[in-house]
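Participant: Structure for the following, please:
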Amino acid sequence: MKRISAAAVVAGMVASAGLMAPVAAQELALRKPSDTRIVLDLEQRQITVVRAGQRWGPWPVAIGDPRTPKPKGTFSILSKQTNPVYLSTKGGKPRKLVGPSSPIGDRYLGFHRGDRGEFGIHGTPWPHWVRTRAAVSLGCVRMLNAHIRELFDVVEVGTPLQIQG
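Facilitator: Alright, predicted model coming up:
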């Protein structure tokens, strides 16, 4: 099996005959052996990273409202975005929000795409919801901005995410 550099994995690219070609995150997850995983415990409403037996966290999270439950099972991180763009339609006029004060903060980890759209782990400008471990989102996982930055820095595209509870 061909070795893939960490930089290529992060960029979602794989070298082939000297050229860089995009590769689906699911394919990267299958190719890249990982001793790192993310565990999201819905009952405890916390997220932990486990790498080579060591744990980071746990960090408190706000989760999806019971009417928009989060899927359970094992997924993979499909994308990593710094300063993702949030499109607000408040006031009837579309406007782009970016950065820590946007509804999704300044870091985003996409992990599942389905009939309800994409689920992600992201920051929030409303720390109260995270500190109280509320069930208020449409399915995403909200973390304090400082915590999502820590998580973002220790995981790669393809890292397994286990959702339990």
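Participant: Can you list the buried residues in stretch 120-138?
Facilitator: Gly120, Ile121, His122, Gly123, Thr124, Pro127, Trp129, Val130, Ala134, Ala135, Ser137 (16 or more other CB atoms under 10 Å). No exception for glycine: its C-beta is placed from N, CA and C like everyone else's.
Participant: Going by distance to Tyr86, which of the residues you listed wins?
Facilitator: His122 (9.2 Å; CB to CB).
Participant: Could you tell me which residues make contact with the closest one?
Facilitator: Neighbour list for His122: Pro84, Ile104, Gly105, Arg107, Tyr108, Leu109, Cys140, Val141, Arg142, Met143, Ile148 [criterion: CB atoms under 8 Å, 6 or more residues apart in numbering].
Participant: For it, grab phi and psi.
Facilitator: When quoted as degrees, to the nearest 10, the phi and psi of His122 stand at phi -150, psi 170.
Participant: pLDDT value on it, please?
Facilitator: Looking at His122, its pLDDT stands at 93.
Participant: Could you do the one 5 residues further on as well?
Facilitator: Note for Pro127: predicted pLDDT of 91.
Participant: What distance do you get for it to Leu87?
Facilitator: 23 Å (CB to CB, to the nearest Å).
Participant: what's the answer for Gln46, then?
Facilitator: Taking CB to CB, one finds Gln46 at 30 Å from Leu87.
Participant: So which of those two has more stuff around it?
Facilitator: A direct count of neighbours by other CB atoms under 10 Å for Gln46 and Leu87 places Gln46 higher, at 18 against 9.
Participant: ok, and the closest non-adjacent residue to the more buried one?
Facilitator: Pro58 (4.0 Å; CB to CB, 6 or more residues apart in numbering).
Participant: Is the residue nearest the centre of the chain bridged to anything, and to what?
Facilitator: Among the residues of the chain, the one closest to the centroid is Leu109, at 2.4 Å (CA atoms, centre = their mean). Counting by DSSP bridges, Leu109 is bridged to Lys80, Ile121.
Participant: Gln164 contacts Asp41, correct?
Facilitator: Yes - between Gln164 and Asp41 there is a contact at 5.9 Å, judged by CB atoms under 8 Å.
Participant: top helix in the chain by residue count?
Facilitator: helix 145-154 (DSSP state H).
Participant: Following that helix in sequence, what is the next regular element?
Facilitator: strand 160-164 (DSSP states H and E).
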